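Give me a model of this one.
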Amino acid sequence: MFTTSLLGAGSAVIGLPAVWIGLLFAVLASTLLALLFAVVCIEFRADQIIAGLAIWLIALGLAPFLATVYYGSVNSGSVSTLGTWTIPGLAAIPYLGTVFRSGPSVYLLLIAVPATWWVLNRTAFGRHIRASGESPRALDTAGVSVRQVRYQGILLSGVLSGIGGASLSLSLGQFVGTGQTMVNGKGFIAIVAYLFGNYNPIGAFGASLLFAGLEAIQLRLQQVPGYAVPDSLIQTIPYVTVIIVLALVGRTRLPEAAGEHYESSED
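Residues are numbered from 1 along each chain as shown. Now for the predicted structure:
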């Protein structure tokens, strides 16, 4: 549910008596959109791709609209940020020390990746999540509600997307609703990241680092003097890499029942 991070970015800076309350509102908004997606896909058996694009379009307009209602502009004013948390000792490590002088969202990411892997691979809930996409009939035969498990998985993705969206605005201290808004197409790269990572949280994290590094490189290349390369061409580097990865490197094994509807009453 990468599309929900867009509304999460906007909700994080609306009505902020405290920055953490803003984060909670972002997670709530994102989770509500995830619930809408779940209802449309599970109850009404809508196509997941079409439903996802529809939710994305809703968030694309709703976040700037809410900012306009509250701030009088699609761009918010300056708001508080989550700040920087420094871990003594670890922050002094050469090269890697920068990671330990980051905002709390970075630490949440470092915790979420191994925690998600552990949940998916070492808990009954994780096995149920995998089975709901691989063999829902077997899960149903075991007496576990496929519908309930899928709801839980989608809502959990909404929570994580909300944290990601809030991090965009709370790291900058402003929500930007002009153009493609703050997400700026990165959600589509997120889809490639988890496909490239073969539905493995650690693999998706590695793919995300790759694309983030390419994004940083293209920003640096734009600052290099003496090269007559248009900035618009340099900005395509991450997206061209995505195409190359999908065409030449990607060997993703899709879950057998991915995107398929399931009713326990079926024979």
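
tell me what the helix or strand hosting Ile244 is packed against?
Using DSSP states H and E, Ile244 sits in helix 237-244. For helix 237-244, the elements it packs on are helix 186-196, helix 201-221, judged by 3 or more C-beta pairs under 8 Å, 6 or more residues apart in numbering; DSSP states H and E. C-betas here are computed from N, CA, C, even on glycine.

looking at those, which has the lowest confidence?
Among the helices and strands packed on helix 237-244, helix 186-196 has the lowest mean pLDDT, at a mean of 80.

For that helix, list the C-alpha coordinates in PDB.
Presented in PDB, the C-alpha positions along helix 186-196 are these (Å, rounded to 0.1, in the frame of the first residue of the first chain):
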ATOM      1  CA  LYS A 186       9.000   7.100  -5.300                       C
ATOM      2  CA  GLY A 187       6.100   4.800  -4.400                       C
ATOM      3  CA  PHE A 188       6.500   3.100  -7.800                       C
ATOM      4  CA  ILE A 189      10.200   2.500  -7.100                       C
ATOM      5  CA  ALA A 190       9.000   1.000  -3.800                       C
ATOM      6  CA  ILE A 191       7.000  -1.600  -5.800                       C
ATOM      7  CA  VAL A 192      10.200  -2.500  -7.700                       C
ATOM      8  CA  ALA A 193      12.200  -2.700  -4.500                       C
ATOM      9  CA  TYR A 194      10.000  -5.400  -3.000                       C
ATOM     10  CA  LEU A 195       9.700  -7.300  -6.300                       C
ATOM     11  CA  PHE A 196      13.500  -7.100  -6.700                       C
END
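
list the buried ones in it?
Lys186, Gly187, Ile189, Ala190, Val192, Ala193, Tyr194, Leu195, Phe196 (16 or more other C-beta atoms under 10 Å).

Check stretch 129-147 too.
Result for stretch 129-147 [16+ other C-beta under 10 Å]: buried residues Ile129, Arg130, Ala131, Ser132, Gly133, Ser135, Pro136, Leu139, Asp140, Val144, Val146, Arg147.

Redo those as a markdown table? Include secondary structure and pLDDT.
What follows is the buried residues of stretch 129-147, written out as a markdown table (DSSP: H, G, I helix; E, B strand; the rest coil; pLDDT from 0 to 100):
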| residue | secondary structure | pLDDT |
| --- | --- | --- |
| Ile129 | helix | 95 |
| Arg130 | helix | 94 |
| Ala131 | helix | 95 |
| Ser132 | helix | 95 |
| Gly133 | helix | 92 |
| Ser135 | coil | 93 |
| Pro136 | helix | 95 |
| Leu139 | helix | 94 |
| Asp140 | helix | 94 |
| Val144 | coil | 95 |
| Val146 | helix | 95 |
| Arg147 | helix | 95 |
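
How much space separates Tyr262 from Ala124?
For Tyr262, the distance to Ala124 equals 19 Å [C-beta to C-beta, to the nearest Å].

Same question for Ile243.
Applying C-beta to C-beta to Ile243 and Ala124 gives a distance of 39 Å.

now do Val159
20 Å.

In terms of neighbours, single out the busier of the two.
Taking neighbours as other C-beta atoms under 10 Å, Val159 and Ala124 compare with Val159 leading, 17 against 9.

which residues sit in contact with that one?
For Val159, the contacting residues are Val27, Ser30, Thr31, Ala34, by C-beta atoms under 8 Å, 6 or more residues apart in numbering.

which of these lies closest to Gly52?
The closest of those to Gly52 turns out to be Ala34 (C-beta to C-beta; 10.7 Å).

Which helix or strand contains the closest one?
helix 19-38.

how about the next helix-or-strand element following that helix: buried residues?
Per DSSP H and E, the first helix or strand lying C-terminal to helix 19-38 is helix 48-71. Buried residues in helix 48-71, counted by 16+ other C-beta under 10 Å: 51-52, 54-56, 58-60, 62-64, 66-67, 70-71.

from the middle of its chain, how far away would helix 48-71 be?
Offset of helix 48-71 from its chain centre (C-alpha atoms, centre = their mean, to the nearest Å): 15 Å.

No more questions from me, cheers.
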